[in-house]
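**Q** Kindly generate the corresponding structure for this input.
(3 chains)
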Amino acid sequence: MKIVTRATAMKNLKGYIGQDLRKLALVHGITTYETGKQNKGWKGLVLERLAGLQTNVSKAPNGLTYELKSVAFRCVCDELTPKETMAITMINPEELKAHSFFESHCWSKLKTIVFCAVKWNGKNSEAAELLKVASLDFAEDDGLIKEIKADYDFIRDKLVSEGFDALTGKDGKWIQARTKGIGGINPHTGQRRPVTRAFYARTSLVKKIFEIAS
DNA sequence: CCATGATCATTA
DNA sequence: TAATGATCATGG
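**A** Numbers count the residues shown, from 1 in each chain, chains lettered A, B, ... in the order given. As a prediction, the model looks like this:
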C-alpha cells in the first residue's frame, strides 16, 4: 500500500481544480447516479481516488493518514458560502466519555483534514466542479481551537449527565452532534435502526477554515 | 453487517 | 433561508 502524504494529496487534487467531478467519477468507475439510484457519497469517493488513495478505510487514523472531506458550496450573491455542514467523524459514546478533546477521533481527524470545495449545482447535481483545495493548520489559530474544544467538552458533559439521546444538533458553536444513522427500517427485523450520531462542522466553521487556509 | 461517504427533507 | 434531523448507496 502506498502512503500518500497530505502535501502529495493536495498537489494531486490541485491538478483537478476546475474539472468536472462527474467525468472523473466515470473514469474511476465510481457510480454517481447513473444507475438510477443516487449515491450521496460519490463526490467524496472520487476525491479520495484523485488524491491518490486506493480506497478509504478511514476509521481511526492510526497516525499518519489524513482525512479528505468535500464541502458543497453554493453561490450567495458573489460569494462562495458553504451550503451545508460537514461530517467529521462518528461519535462513539464510550470513547467520547473516555477521551479528552485532544485524544479524540474528532480532533485527530480535524487536524489532518484536507478540504475540497465542490460547487453544488442543486438537487441531484449532475456536474460538480472542484473549486478549491485547502489543508488546515490549526496551530495558527489557538483561539479557534479553544472554542472548538469547548464545544466538544460541552457535548461530552451533556453525554455524561443526560445521556446519548439528549444530544442534539443544536449543541455547539462550531461543531455539533447531529444524527447520522443508517436510517430507515431494517428490512429483516422490521425494527428501526438505532440512532447514531456524528460530529459535524457548522458552516461558519467551514467558512473560517477556508479563510485561514487562504 | 455496519461505518463512512455526504445530501435530502422538513420545519421554524 | 438557515438549521436540524433523517436518509441512502457504497465498500470492506
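**Q** Now do the closest residue to A:L80 other than its chain neighbours: how many residues are near it, please.
**A** Nearest non-adjacent residue to A:L80, counting by CB to CB, 6 or more residues apart in numbering: A:F73, 4.7 Å away. Every residue, glycine included, has its C-beta placed from N, CA and C. Residue neighbour count, defined by other CB atoms under 10 Å, stands at 24 for A:F73.
**Q** go on, A:K40?
**A** Neighbours around A:K40, by other CB under 10 Å: 9.
**Q** repeat for A:M10
**A** 19.
**Q** which element follows the helix or strand containing it toward the C-terminus?
**A** Counting by DSSP states H and E, the element that carries A:M10 is helix A:6-14. Counting by DSSP H and E, the next helix or strand C-terminal to helix A:6-14 is helix A:21-27.
**Q** Contacts for the helix or strand just after that following helix, please.
**A** Using DSSP H and E, the helix or strand that follows helix A:21-27 in sequence is helix A:42-51. Contacts to helix A:42-51, defined as CB atoms under 8 Å, 6 or more residues apart in numbering, come from residues A:4, A:9-10, A:12-13, A:16, A:21, A:24-25, A:28, A:30-33, A:39, A:55-56, A:68-70, A:114, A:116, A:118, A:128, A:130.
**Q** make it 7 Å
**A** For helix A:42-51, the external contacting residues (CB atoms under 7 Å, 6 or more residues apart in numbering) are A:4, A:9, A:12-13, A:16, A:21, A:24-25, A:28, A:30-32, A:56, A:68, A:70, A:116, A:118, A:128.
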